[in-house]
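1. with the sequence up front, the predicted model follows.
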Amino acid sequence: MGNVPFQALPTRVADASLPYLLGSGLLLASTALFVWQAPVRNGPAAMALAIAIALEAASRLAAEAVSRRSGVELAMRGLPSLVLPLGAMPGLAVLVLALLPLLGPGRFPVVATLLAGMIAMGALARFSLTRSVLVLAKAEPPAPPAQA
């Protein structure tokens with residue numbers, strides 16, 4: 001995280017948001033197809049996935065608001081984790097769901113629940129990072145040491 005000029009933040013957020021929105025939209029559409037096929041079996045897992053996507057969207061909006069307010073870019077890049085850098089997660093999830101009928105239709109609830117958990121963990125990590133930046137931004141800088 002480094003200081004970024006205020007004018008550059010909206011451009012970076014807009015550039016990062018479009019692929020995420022497209023991936024999330026495709027993920028919700030493919031989830032709806034599975035629910036349409038078997039509502040009783042696939043409905044609860046689809047609801048968990050939809051809630052996780054909404055939580056992820058809320059965390060992204062909160063991070064954007066804090067970035068604009070503090071001037072600090074809140075990007076989780078280069079982390080050695082499958083959960084935290086979820087920028088491409090909706091697109092990967094769509095790919096997994098697209099290949100799922102080849103494995104068998106009964107596997108959707110398990111896969112969707114796993115994806116929902118990963119997306120929700122990433123959203124909670126982003127909320128945690130956002131809160132940390134807010135706390136640090138409000139903290140007063142330490143006083144310089146007195147010289148004798």
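-> Right, received. Where do you want to start? Owing to the predicted nature of the structure, the values given are computational and were not obtained by experimental measurement. Numbers count the residues shown, from 1 in each chain.
2. and residue 102, how many neighbours?
-> 6 (other C-beta atoms under 10 Å). No exception for glycine: its C-beta is placed from N, CA and C like everyone else's.
3. kindly report the same for residue 73.
-> Neighbours of residue 73 (other C-beta under 10 Å): 17.
4. check it and give its pLDDT.
-> Listed pLDDT for residue 73 reads 74.
5. dihedrals phi and psi, it?
-> Here is the backbone geometry of residue 73 (degrees, to the nearest 10): phi -80, psi 130.
6. any idea how far residue 94 is from it?
-> 27 Å (C-beta to C-beta, to the nearest Å).
7. repeat for residue 32
-> Separation of residue 32 from residue 94 (C-beta to C-beta): 12 Å.
8. packing partners of whichever strand or helix holds residue 125?
-> Element membership for residue 125, per DSSP states H and E: helix 108-138. Under the contact definition 3 or more C-beta pairs under 8 Å, 6 or more residues apart in numbering; DSSP states H and E, helix 108-138 sits against helix 8-37, helix 39-70, helix 89-103.
9. nearest to residue 113, of those?
-> Nearest to residue 113 among the helices and strands packed on helix 108-138 is helix 39-70 (5.0 Å), distances taken as C-beta to C-beta.
10. just want the angle from the closest one to helix 89-103.
-> Counting by axes from the mean of the first three to the mean of the last three C-alpha atoms, to 10 degrees, helix 39-70 lies at 160 degrees to helix 89-103.
11. my read: residue 113 touches residue 46, true?
-> No: checked against C-beta atoms under 8 Å, the pair residue 113 and residue 46 is beyond contact range at 9.8 Å.
12. neighbour-wise, which of those two wins?
-> Using other C-beta under 10 Å as the criterion, residue 113 and residue 46 rank with residue 46 on top: 24 against 16.
13. give me the pLDDT for that one.
-> Predicted confidence (pLDDT) for residue 46: 92.
14. what residues does it make contact with?
-> Neighbour list for residue 46: 31-32, 34-35, 112 [criterion: C-beta atoms under 8 Å, 6 or more residues apart in numbering].
15. ok, now residue 55?
-> Residue 55 makes contacts with 119-120, 123-124, as judged by C-beta under 8 Å, 6+ apart.
16. same deal with residue 44?
-> Going by C-beta under 8 Å, 6+ apart, residue 44 touches residue 109.
17. the same query, at a cut-off of 10 Å, please.
-> Contacts for residue 44 were tallied using C-beta atoms under 10 Å, 6 or more residues apart in numbering; they are 35, 109, 112-113.
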